[in-house]
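**Student:** Sequence unavailable; structure follows:
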């Protein structure tokens, strides 16, 4: 984005980075996806579409097959950690399942597993320090669902909550674990429209990388709408460029 926006610190950078990296891990077999996309057998299901749409649809089907295969593996891992009593790994696997269902746009299933992960985290005997690392991961997953569904007020609330947790954790580095256990201060954060619009801009670019083009376009349009209220012309120009690029990909 513009130099002005690069100077703005936003927790969305952490969120979008984590989301993209997680997606890359789950798509570790992306080479197989590409091979499947070129398989003539797969093309039969979309033979009546235009060439461009055919390739896109074929890739999407191949990716969904990979997500389904990944879910089967994750369910096996989940049972293993449950049997071993490894609650930390169990929660992390549950969260990965959440992200996988989110990529499949099966949000009700994603929320079901997310609620289970949060309940297990709350009831676990994990240290406050470990919980302070896992909690943002669960919030990131929730924020991803809200972003894909277009629930931007909730998305921005989550980014602020994660920032609060991160600040407490960073502040605890020089004070020992006891500081991690203190609760976030109940302060009403004053919304910063520029930061919020930049957060949505980053989320839109991550949605684009995840192949969620329609969702990315909706998010970018919301970011532009917010930015216009503060008349930040340089930022508006950058977001408009992203919007035009996304429209061409539809």
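**Tutor:** That came through, no problem. Here the structure is a predicted model, which is why all the values come from computation and not from measurement.
**Student:** This protein: helices as residue ranges?
**Tutor:** If DSSP state H is used as the criterion, the helices of the chain fall at 3-6, 12-26, 30-38, 40-43, 51-84, 87-103, 107-123, 128-149, 152-172, 193-209, 213-227, 233-249.
**Student:** In a markdown table: those, plus mean pLDDT and mean neighbour count.
**Tutor:** C-beta here means a position set from N, CA and C on the backbone, and glycine is covered the same way. Putting the helices of the chain into a markdown table (pLDDT from 0 to 100; neighbours: other C-beta atoms under 10 Å) gives the following:
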| stretch | mean pLDDT | mean neighbour count |
| --- | --- | --- |
| helix 3-6 | 42 | 12 |
| helix 12-26 | 49 | 18 |
| helix 30-38 | 45 | 14 |
| helix 40-43 | 46 | 12 |
| helix 51-84 | 85 | 15 |
| helix 87-103 | 96 | 22 |
| helix 107-123 | 97 | 16 |
| helix 128-149 | 94 | 20 |
| helix 152-172 | 82 | 18 |
| helix 193-209 | 94 | 23 |
| helix 213-227 | 97 | 21 |
| helix 233-249 | 95 | 15 |
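**Student:** The residue lying closest to residue 105 once chain neighbours are set aside: what's it in contact with?
**Tutor:** Closest residue to residue 105 apart from its sequence neighbours, by C-beta to C-beta, 6 or more residues apart in numbering: residue 148 at 7.2 Å. Residues near residue 148 by C-beta atoms under 8 Å, 6 or more residues apart in numbering: 102, 105, 107, 207, 212, 215.
**Student:** so which of the residues you listed would you say is closest to residue 135?
**Tutor:** residue 102 (17.9 Å; C-beta to C-beta).
**Student:** That closest one and residue 134, how far apart?
**Tutor:** 18 Å (C-beta to C-beta, to the nearest Å).
**Student:** what about stretch 205-214, start to end distance?
**Tutor:** For stretch 205-214, the first-to-last residue distance is 12 Å (C-alpha to C-alpha, to the nearest Å).
**Student:** returning to that earlier point: got TSV for the contacts of residue 148, with distance to residue 227 too?
**Tutor:** Output for the contacts of residue 148, formatted as TSV (distance: C-beta to C-beta, whole Å):
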residue	distance to residue 227
102	27
105	28
107	27
207	18
212	21
215	19
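**Student:** which two in these are spaced the farthest apart?
**Tutor:** Checking those with C-beta to C-beta, the most distant pair is 107 and 207, at 14.1 Å.
**Student:** List the contacts of residue 212.
**Tutor:** residue 148.
**Student:** can you give me phi and psi for it?
**Tutor:** phi -90, psi 70 (degrees, to the nearest 10).
**Student:** Please report how far it lies from residue 82.
**Tutor:** Using C-beta to C-beta, residue 212 is found at 31 Å from residue 82.
**Student:** next one: residue 208
**Tutor:** 36 Å.
**Student:** Same question for residue 192.
**Tutor:** Counting by C-beta to C-beta - residue 192 and residue 82 are separated by 42 Å.
**Student:** cool, residue 236 as well?
**Tutor:** Look at residue 236 and residue 82: by C-beta to C-beta, they are 50 Å apart.
**Student:** what's the answer for residue 127, then?
**Tutor:** Distance, residue 127 to residue 82, by C-beta to C-beta: 20 Å.
**Student:** close enough to count as contact, residue 91 and residue 134?
**Tutor:** Yes. The pair residue 91 / residue 134 is scored as a contact, 6.0 Å apart, by C-beta atoms under 8 Å.
**Student:** shared neighbours of these two, which are they?
**Tutor:** With C-beta under 8 Å, 6+ apart, residue 91 and residue 134 have common neighbours residue 121.
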